[in-house]
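*Asks:* Dropping a prediction and its sequence here:
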Amino acid sequence: MPVADPRAAFAELRARMGQAIIGQDRVIERLLIALLADGNVLVEGLPGVAKTRSVKALAKNLDARFRRIQFTPDLLPSDVVGSEIYEQKTGEFRFEQGPVFGNIVLVDEINRAPAKVQSALLEAMEERQVTVAGTTHKLPDLFLVMATQNPIEQEGTYPLPEAQLDRFLMKIAVDYPPAADERAILRLVRGEEQAKHGAAPDAPAPIPQQAVFDARAAMSRLTVAEAIEDYIVALVCGTRDAAALDKDLGTWIEVGASPRASIAIDRAARAHAWLAGQDHVSPDDVRAIAPDVLRHRLILSYEANADRITADAAVERLISLTAVA
């Protein structure tokens, strides 16, 4: 049954997540954009900055099955997608679904597992199905993967290849909250501890999945002017021929973004505009989400790394040099 007001449902979802996660409003917004745009996200941040808590809050307040996979070096592809189980009573094989068969799937430390496990997950993300023993099994219609990785602990890890990174709609960089928000976090956690020893308040009913599907349908009807399409294409093409825009930028970017980046910016910008209550996509929507879409799709040169130029700095320079037609 269609939801009366999907935008109000998303506003309620955003408010509930904001009560559970303090100081990470941008992360909440990006997760909702990914949910709207039907894409997956890679979240990078230091330990303790609410990466896991964010996706748990999303799943808790949405009528969705939450699954968590802790990636480790000894993990096998079957531990993620599932395997065939032999039933002795019937003498037949039965498919046992893996944790990837959820609506909201949290993959902790995706760079801890070997390449074959990463590939199994990323294939499921791309195809929205898994094939085991020659049989294809479809994943749920509502399916979001949030993968996390730690930027400082690189020993014993398996970095994701660029071709696999390209399959993530966005890469969200999570930083420490400001001091005022950290004080509020102390009070929030203290209140949660007190609630465990008292009568727990009744939790509100979760937001139905239909609200997500109705919101996606409404988002698809947003107006995207030709000038905005040209702007998106100019940004992405600018990563491939950066020297034509700026000499320094040309020395920074070694390999630019693929057409997947254009598609991702279009989808994410429409989601950003819809969440803001607009009926059209503006250049500000494109500029707002461009860093999240492009930062993991650029390969920087040796010179850029030597000068400590980050992908965000390259994207910021690219945006400043690219005009709206």
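*Replies:* Received, thanks.
*Asks:* going forward, measure contacts and count neighbours with C-alpha atoms only.
*Replies:* OK.
*Asks:* Break this structure into its domains for me.
*Replies:* Domains of the chain are assigned by automatic domain parsing as 6-185, 222-321.
*Asks:* Give me the most central residue, the chain.
*Replies:* Per C-alpha atoms, centre = their mean, the C-alpha nearest to the average position across the chain is that of Val41, at 1.7 Å.
*Asks:* gap between Val233 and Leu122?
*Replies:* Plainly put, Val233 is 26 Å away from Leu122 if you go by C-alpha to C-alpha, to the nearest Å.
*Asks:* any weak-confidence spans in this protein?
*Replies:* Filtered on pLDDT under 70, the chain yields the residue ranges 1, 153-156, 198-202.
*Asks:* Need phi/psi at the residue lying farthest from the centre of it.
*Replies:* Distance to the chain centre peaks in the chain at Lys89, reaching 42.9 Å (criterion: C-alpha atoms, centre = their mean). The phi and psi values for Lys89, taken as degrees, to the nearest 10, are phi -70, psi -40.
*Asks:* measure it to Ser262 for me?
*Replies:* Taken as C-alpha to C-alpha, the span from Lys89 to Ser262 is 53 Å.
*Asks:* picking that back up, out of the domains of the chain, nearest to Arg216?
*Replies:* Counting by C-alpha to C-alpha, Arg216 lies closest to domain 6-185 out of the domains of the chain; the figure is 5.7 Å.
*Asks:* Give me the nearest residue to Val293, chain neighbours excluded.
*Replies:* Met170 (4.6 Å; C-alpha to C-alpha, 6 or more residues apart in numbering).
*Asks:* before we move on, what about Gln70?
*Replies:* Asp108 (4.9 Å).
*Asks:* and that neighbour, how many residues sit next to it?
*Replies:* 20 (other C-alpha atoms under 10 Å).
*Asks:* just the CA coordinates of the host helix or strand of Arg30, formatted as PDB?
*Replies:* Here Arg30 sits within helix 25-37, counting by DSSP states H and E. This file holds the C-alpha atoms of helix 25-37, laid out as PDB (Å, rounded to 0.1, in the frame of the first residue of the first chain):
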ATOM      1  CA  ASP A  25      24.300  14.800  10.600                       C
ATOM      2  CA  ARG A  26      26.200  14.600   7.300                       C
ATOM      3  CA  VAL A  27      26.700  10.900   7.600                       C
ATOM      4  CA  ILE A  28      23.000  10.400   8.300                       C
ATOM      5  CA  GLU A  29      22.100  12.500   5.300                       C
ATOM      6  CA  ARG A  30      24.500  10.500   3.100                       C
ATOM      7  CA  LEU A  31      23.000   7.200   4.300                       C
ATOM      8  CA  LEU A  32      19.500   8.400   3.400                       C
ATOM      9  CA  ILE A  33      20.700   9.600   0.000                       C
ATOM     10  CA  ALA A  34      22.200   6.100  -0.600                       C
ATOM     11  CA  LEU A  35      18.900   4.500   0.500                       C
ATOM     12  CA  LEU A  36      17.000   6.800  -1.900                       C
ATOM     13  CA  ALA A  37      19.400   6.300  -4.800                       C
END
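*Asks:* does Tyr86 count as helix, strand or coil?
*Replies:* Using DSSP: H, G, I helix; E, B strand; the rest coil, the structure places Tyr86 in strand.
*Asks:* isn't it right up against Glu96?
*Replies:* No: checked against C-alpha atoms under 8 Å, the pair Tyr86 and Glu96 is beyond contact range at 10.0 Å.
*Asks:* so how far is Phe95 from Leu31?
*Replies:* 31 Å.
*Asks:* oh, I was asking about Val189
*Replies:* When Val189 is compared with Phe95 (using C-alpha to C-alpha), they lie 41 Å apart.
*Asks:* what do you get for Pro151?
*Replies:* 36 Å.
*Asks:* Look at the two and report which has more neighbours.
*Replies:* Taking neighbours as other C-alpha under 10 Å, Pro151 and Phe95 compare with Phe95 leading, 14 against 11.
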